[in-house]
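Q: Predicted model and sequence below, questions to follow.
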Amino acid sequence: MKKMFEKIFKYNEWRYKKMFESFEKQDNYQQFLVKNQQLFFNNVIGTMKHLLAADYVWYGRIMKLQIIQVPFLSKDKMRTIYLKELILLWQSDDEKIFDQLQFDYDQTKSLLLDINQVFQQLIDSCDEAYFDQEFEYQDSKGVVQKKDASTVFYHLINHHSHHLGQISTAYTQQFGRKNFFSTDFIYFK
């Protein structure tokens, strides 16, 4: 399991880099990021911010933190927040909630790659048996859940795949198929 998760999180980094490179090749990508695309989180940047907040929530759960430092709720500094507060922010139905997060595209890009690196380091530090161990956490409704660690890591990657699929659809609709960035796992080296 460990080798597989090492590879999948390296793949996640690779596909993010491909996506960012594709964005930055377009003259008007900054407008594309904030344009209402009818995505669940309104636009591409909102979706990216959701993924970032979700990763911090899951990191806090995995590390069993009550309080977590996040780099995106205050401009240019870390902010300490209770994990429960971050979960409330993350699960909000208010589509404008992610507009309140104080960071731009470059920071979002950097933070997504950084938190993915944190997960890679976490996986590297675990032994094979860790992935079969039962993991207990509170879900967003406060209900205690028990899953094995491998299920949690699968969920993390699947969550990224779900929203990156939405982003790639919006990208293709905006810039066309010839400009599409393919992130199929089979092409990852």
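A: Structure received.

Q: The helix or strand hosting Asn158 - what's its average pLDDT?
A: Remark: Asn158 resides in helix 149-175, with elements defined by DSSP states H and E. Along helix 149-175, the predicted confidence averages to a pLDDT of 95.

Q: which non-adjacent residue is nearest the most centrally placed residue in the chain?
A: In the chain, the C-alpha nearest the mean C-alpha coordinate belongs to Leu51, at 3.1 Å (C-alpha atoms, centre = their mean). For Leu51, the nearest residue in space outside its immediate sequence neighbours is His163; the separation is 5.6 Å by C-beta to C-beta, 6 or more residues apart in numbering. Any C-beta I mention is one placed from the backbone N, CA and C, and that applies to glycine too.

Q: need the contact list for the one you found.
A: 40, 47, 50-51 (C-beta atoms under 8 Å, 6 or more residues apart in numbering).

Q: and if you look at Trp14?
A: Residues in contact with Trp14 (C-beta under 8 Å, 6+ apart) are 183, 188.

Q: let's go with 6 Å and repeat that
A: Neighbouring residues of Trp14 by C-beta atoms under 6 Å, 6 or more residues apart in numbering: Phe188.

Q: Now it: which helix or strand?
A: Applying DSSP H and E as the criterion places Trp14 in helix 2-25.

Q: how about that helix: buried residues?
A: By neighbour count, and taking 16 or more other C-beta atoms under 10 Å as the criterion, the buried residues in helix 2-25 are 2, 5, 8-9, 11-16, 19-20, 22-23.
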